[in-house]
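S.K.: got a sequence here, can you model it:
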Amino acid sequence: IQEKQRKDEERRQKEEAKERRRKERELKRKLKLENEEIKQQKKKKVELSKEYEEQSDEDDGEEDDDDDEEYDEPCDICEENEDARGNGKEADRMVECNICLTWYHVSCARYAGSNIPRWGRIKFDKFVCYKCA
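M.R.: From the prediction side, this is the model:
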């Protein structure tokens, strides 16, 4: 009887060890897939960053006439153009996303979560809206 119990115990331990190894392999496979996905995301970010820098370099040669420009495009958030507000405050000025080329009031973009510097720096910084960030 003891011999049978010992064999049953050995068999159970072998099955548990086999199951543990199977779970470890499955976990390693999942981690490998997640790491590959992370690498692909990083690669995509680098590619987008390079594309953005190239676009930025092309734009550097152009002068910014944003102060004199009239904004016919409405704000993507409040759907009003700059003239509709017309109070001339910094928060009501318009800024364009350099990626999707969508116009926003500074105040609307800040409200939506975009990180916008002081107005004097916007023309030097490249604005990216909350959708493209």
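S.K.: distance of Ile38 from Asp76?
M.R.: 31 Å (CB to CB, to the nearest Å). (Each C-beta comes from the backbone N, C-alpha and C, glycine too.)
S.K.: list the buried ones in stretch 100-108?
M.R.: Thr102, Trp103, Tyr104, His105, Val106, Ser107, Cys108 (16 or more other CB atoms under 10 Å).
S.K.: give the contact list for the second one.
M.R.: Under the criterion of CB atoms under 8 Å, 6 or more residues apart in numbering, the neighbours of Trp103 are Tyr71, Glu73, Pro74, Cys75, Asp76, Met94, Val95, Glu96, Cys97.
S.K.: restricted to buried residues, select these in ChimeraX.
M.R.: To isolate the buried members of the contacts of Trp103 in ChimeraX, using 16+ other CB under 10 Å:
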select :71,74,75,76,94,95,96,97
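S.K.: now the contacts of Trp103 as a markdown table including secondary structure?
M.R.: Shown next, in a markdown table, are the contacts of Trp103 (DSSP: H, G, I helix; E, B strand; the rest coil):
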| residue | secondary structure |
| --- | --- |
| Tyr71 | coil |
| Glu73 | coil |
| Pro74 | coil |
| Cys75 | coil |
| Asp76 | coil |
| Met94 | strand |
| Val95 | strand |
| Glu96 | strand |
| Cys97 | coil |
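S.K.: pLDDT (mean, whole number) over the helix or strand containing Asp8?
M.R.: Assessed by DSSP states H and E, Asp8 sits inside helix 2-60. Averaged across helix 2-60, the pLDDT comes to 86.
S.K.: name the helices or strands packed onto that helix?
M.R.: With contacts defined as 3 or more CB pairs under 8 Å, 6 or more residues apart in numbering; DSSP states H and E, helix 2-60 has no helix or strand neighbours.
S.K.: Tyr130 in helix, strand or coil?
M.R.: coil.
S.K.: relative to Lys14, how far out is it?
M.R.: 56 Å.
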